[in-house]
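Novice: Sequence and predicted structure are below.
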Amino acid sequence: MNALRRHRALSRIWASDRSWRRGFTTVNHSDIGRMFLVLAVVYFFIGGILAMLIRAQLASPRSPFMGPEIYNQVFTMHGTIMMFLFAIPLFEGLAVYFLPKLLGARDLAFPRLTAFGFWCYAFGGSMLLFSLVAGIAPDSGWFMYPPLSSTLGSPGINPDFWLIGITFVEISAICAAVEITVSILRYRAAGMSLSRMPIFAWYALITSLMILTGFPPLILGSLLLELERAFGMPFFQVEHGGDSLLWQHLFWLFGHPEVYIIFLPAAGVISTILPVMARTTLLGYWWVVVAAIALGVLSFGIWVHHMFATGIPHLALAFFSAASTLVAVPTGIQVFAWLGTIWKGRPQMHLPMLWVVGFFATFVIGGLTGVMVAVVPFDWQVHDTAFVTAHLHYVLVGGFVFPMLAALYYWMPHMTGRRRFFKLGEAAFWLVFIGFHGTFLLMHWVGLLGQRRRIDTYDAGSGWEVINLISSVFSFIMAIGFVLVLIDVIVNAAVRSRGPRNPWRAGSLEWAMPIPPPAYNFASLPVVASRDALAASPDLAVRLARGEGYLGTPRDGQRETLTVDIAAGTPNGIVVYPRNTGLPMLMAFVTGGVFLGMLIKAYWLIPLAGIGVTALALRWVWTLGHQADRGLQDAGHGLMLPYAAETDDPPGWWGSVFLLLANATFFGCLLFGYAFLWTVAPNWPPPAWATAGWISLASVAMGAIVGPFGIRWAIFTVRRGRKSAVGLGAALVGCVGLIAGAASVLMSMPDPTRHAYDATVWVLGGYALFHAALATLMTGFLLARAACGFMPPRRLGEARIVQLWIDYAAFIALVVVAVTFAPGLLS
Amino acid sequence: MCLSTLTLLLLGGCTQELSIMHPAGPAAATIATLWWVLLVGAVAIFTLVMVLLLLAFRARDAADSSDHSHERRWIVGLGLAFPVTVLAALLVYGLSIGERLMPSAAPDLVTVGAEARQWAWRFTYADLPDRETHDVLHIPAGTPIDVQITTADVIHSFWVPRLAGKLDAIPGHVNVLRIEADLPGEYDGVSAEFSGVGYRAHEFTVVAHDSAGWSAFIAGEIP
């Protein structure tokens, strides 16, 4: 088979649907990555327009332009959109589009999940957008502190759009994080050990693990606040044993890692682009990896630095102040590693490098003011002033937007296959760079002069007029710069001026393919022996096109790629991807029914949508599968590998492991909230503790033993080619026992509105019940699979996934029963 | 340079009722000094990084030293040792200041209460159980004051920039802030936690009396 025929065959296999159907049924990572990127940029411009409204309002004292009712919606939505609908999705889009190409794979681990995540983002985002257009947008700040955001301060629907819309969008972040983690760990080129991974993959891996552990506290907080708003469960109401500080802890437990979730991908981009622009390799690869890991870990220990002014004891403040300053150390290591990289190379001032330099000049200032606000007494003064507004824009625009623009100009030739013809980009850089500093540098000063954040106007004679006018004028210069970038991209993507294949002479794998990239990425999969595979073998692209790598011969019209062993990168399986399907979009749409029902208080819609989601999910998993094991297959060059579905740890098992990591974090935060209310909130103890019936305790104990044992017995028997009905039946009985136990927890508290304790027990019981029901459903699915003969001896992946979920359900049922009934038994 | 001159001009020409750079009490003065120290340090470090960045672009012989020596110089020296030293010093300085600013026992301490609500302030006086004032807090000058901060509804924050840093008013909690005015006079205060549509105008005034004025206030002669 020659290169052209291979290209045609692979293109046919990997093609998305034609015409209008394409957008709805595609599961290809390049398509979905592009959709993520485009939508994120749309939200960037919407958020930008809101920013311009803010600057227009503040340009002069006593401006009649907006009243506080509108202004509060505008600044709340500016922050919300930029954080949740622009920054995180842009990272997701970048990772979804480029990771398989950087790693030498043909797609991500779970293509349908990628699509599902995108549609959750699109639908959830449009809820927020609707509220903005309708003038009922959230207006209590992007941090949503209760009681202001609860029924006391905001009886209207505004905060519900935030709580429900953002939670819907967060599904996409969790999906993408699971997807990216598993893809980086298992979907790499043969021979790409962890130490040969492109540096961006390290950053994306750390970022994804942070999303999995950083977003659950926010999702939990949003759930609790929505339960308080909708049903009066008083988690944050002090007179009923709640505490508004609980929200602040949960929010910043998410909110601070969030800053690094945004920064780390940008640092990954810098670490990728800067060495190429300096014609060298990254200085101190392992130092940078360890620094990024340290940054990720430390960022979870510093959330309280957003709460220095809430009256927390000084000793605790000292700890968090120390942790907050400590975070500057790994940042320092990276910054100086980058500087050293430029020093050891021969830097060339192409446009991406210009943005990198702009990043340095801006981000370093943001980092230094960050150290300032980590000093507790200084923060007591500048907290909630314009000084902090200026600081965070230096960090987020300097530390995220500028690197993303570097990425845009670095990878645009790859995405379009064109070279830049019109040179608008340089002018745009200077407009944005000068506009940015003109807007925000003096804003530090006006904050020191006492201008608070979030005020809708100020009086003449306050001494702030000149600085505010300067800020506003420069902000419009910056806006013009961003529009010019957009025009530059559109114009250059439209002009037919084909570019060279590897314009920057980079050494990473994404340039070892035709540009713009075909749907299948690599005609055959590369073997990697160094960190810069393309630099080591400049004709790699041609050799891969000729089919000299793995999986160069299409088989049965299947979309295939390799999985590898995590550490060494040795190939150990062949993945067969699903075909184009509209199922992900439909599933996201029906999932939206759950959120919509909650939002408009049409509660009948929630179970209806829940049933729909269940039915679609069953169809989703049913369609994968074979009735017989197919054994070893030829991957090329005589390498014989099993299909990944016929191994003990298929990608889906790893996906479940990381999903459970996020899930367990959620549960841990719930326990933290329980302990926090118990120890810190006033008005405890509650009127009465829950009391246990012995039957419920016995049913949980039975379930927690029989369930996990049953599923293990089933796997044991299938492996020996025998029937699994007895084991699965036992597992099912165990799961029902867990359901009974969880239900007894719920029933021990007749009125969840009485006290925060009662409400917390309800959420604990509901959580345990949900997982017990899920485990039951999964076990029932396995029974049906076994009955239809879909469980041959090697295809044990599904059963092992169910085992994970049964174990988890049993574990949390035990913990929930213990923490619910222990206080009653002890007192 | 040009920018800092400009900012100094702007600073000179403006009013200063809410400026943390014009302290009128010991706590605010300590923090203002801290700010100038932080500013000088930050400018020095920023200049260092920018000079290193600019020098990186000058023409020079490639590969003048090995990766290993680069790593030692850039990462271990500048990236690790340098920030650790600076940050440790800063941390000790900041924490010792913070400890000093905490409410501590004092012989002539005056205790007042500040209760915030949307969008007003009610002040009470421990020594005068019957007195309460609205949107004006009376204190004696030159005396440490403990303000017990509470709220009747949502979260607010008590902030008199020229006297001290801010502290939040959280439902169900009492937070105590130590303030002190060096001289008699009026000092502007604001709530510094967003609280809805009336947030901007959620202001109050602190009136610091000389000893005669404070005696008159205690005697009920000042309303």
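Specialist: Right, received. Where do you want to start? Numbers count the residues shown, from 1 in each chain, chains lettered A, B, ... in the order given.
Novice: Now the phi/psi pair for the residue nearest in space to the middle of chain B, please.
Specialist: Centroid check for chain B by CA atoms, centre = their mean gives residue B:165 as the closest residue, at 3.4 Å. Residue B:165 has phi and psi values of phi -70, psi -180 when expressed as degrees, to the nearest 10.
Novice: quick one: the nearest residue to residue A:253 once chain neighbours are set aside from chain B, how far?
Specialist: Nearest in space to residue A:253, with sequence neighbours left out and distances taken as CB to CB, 6 or more residues apart in numbering or on different chains, is residue A:217 at 4.1 Å. To be clear about C-beta, it is placed using only N, CA and C from the backbone, and glycine gets the same treatment. When CB to the nearest CB, to the nearest Å is applied, the distance between residue A:217 and chain B equals 19 Å.
Novice: next one: residue A:204
Specialist: 22 Å.
Novice: what about that residue, neighbour count?
Specialist: With neighbours defined by other CB atoms under 10 Å in any protein chain shown, the count for residue A:204 comes to 28.
Novice: you'd agree it is in a strand?
Specialist: No. Note on residue A:204: no strand contains this position according to DSSP: H, G, I helix; E, B strand; the rest coil, which reports helix.
Novice: mind checking pLDDT for residue A:322?
Specialist: Per-residue confidence at residue A:322 stands at 89 (pLDDT).
Novice: Secondary structure element for it, which one?
Specialist: For residue A:322, the element it lies in under DSSP states H and E is helix A:314-326.
Novice: And for residue A:569?
Specialist: Taking DSSP H and E as the criterion, residue A:569 maps to no regular element, lying outside all helices and strands.
Novice: what do you get for the one 3 residues further on?
Specialist: Assignment of secondary structure by DSSP H and E places residue A:572 within strand A:571-577.
Novice: Next: residue A:162.
Specialist: Taking DSSP H and E as the criterion, the element that holds residue A:162 is helix A:158-186.
Novice: same for that helix, what does it pack against?
Specialist: When contacts are defined as 3 or more CB pairs under 8 Å, 6 or more residues apart in numbering or on different chains; DSSP states H and E, helix A:158-186 sits against helix A:68-80, helix A:88-103, helix A:111-133, helix A:199-231, helix A:583-599, helix A:651-680.
Novice: make it 6 Å
Specialist: Counting contacts by 3 or more CB pairs under 6 Å, 6 or more residues apart in numbering or on different chains; DSSP states H and E, the secondary-structure elements packed against helix A:158-186 are helix A:88-103, helix A:111-133, helix A:199-231, helix A:583-599, helix A:651-680.
Novice: which ones are touching residue A:114?
Specialist: A:32, A:96, A:108, A:179 (CB atoms under 6 Å, 6 or more residues apart in numbering or on different chains).
Novice: With the flanking residues excluded, which residue is spatially nearest to it?
Specialist: The shortest distance from residue A:114 to any residue other than its chain neighbours is 4.9 Å, reached at residue A:32 (CB to CB, 6+ apart).
Novice: Also residue A:299?
Specialist: Once its chain neighbours are removed from consideration, residue A:299 has its nearest residue in residue A:260; the separation is 4.2 Å (CB to CB, 6+ apart).
Novice: confidence score at the one you found?
Specialist: With respect to pLDDT, residue A:260 has a value of 94.
Novice: hang on, it packs against residue A:298?
Specialist: No. Under the criterion of CB atoms under 6 Å, residue A:260 lies out of contact with residue A:298, with a separation of 8.5 Å.
Novice: Which one of those two is surrounded by more residues?
Specialist: When neighbours are counted by other CB under 10 Å, residue A:260 and residue A:298 differ, and residue A:260 comes out ahead with 25 against 20.
Novice: Which of the three states applies to the more buried one?
Specialist: Classification of residue A:260 into helix, strand or coil gives helix, according to three-state DSSP.
Novice: Would you state the helices of the stretch 501-650 of chain A in chain order?
Specialist: With DSSP state H, counting those that start in this stretch applied, the stretch 501-650 of chain A shows helices at A:533-536, A:540-545, A:583-599, A:605-622, listed in chain order.
Novice: Using CSV, list the CA coordinates for the longest one.
Specialist: Below are the C-alpha coordinates for helix A:605-622, written out as CSV (Å, rounded to 0.1, in the frame of the first residue of the first chain):
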residue,chain,number,x,y,z
LEU,A,605,-38.6,17.2,34.7
ILE,A,606,-35.7,15.9,36.9
PRO,A,607,-36.7,12.2,37.3
LEU,A,608,-37.9,12.2,33.7
ALA,A,609,-34.5,13.5,32.4
GLY,A,610,-32.8,11.2,34.9
ILE,A,611,-34.5,8.2,33.3
GLY,A,612,-33.5,9.5,29.8
VAL,A,613,-29.9,9.9,30.9
THR,A,614,-29.9,6.3,32.3
ALA,A,615,-31.4,4.9,29.1
LEU,A,616,-28.9,6.7,26.9
ALA,A,617,-26.0,5.7,29.1
LEU,A,618,-27.0,2.1,28.9
ARG,A,619,-27.1,2.4,25.1
TRP,A,620,-23.7,4.2,25.2
VAL,A,621,-22.0,1.3,27.0
TRP,A,622,-23.9,-1.5,25.4
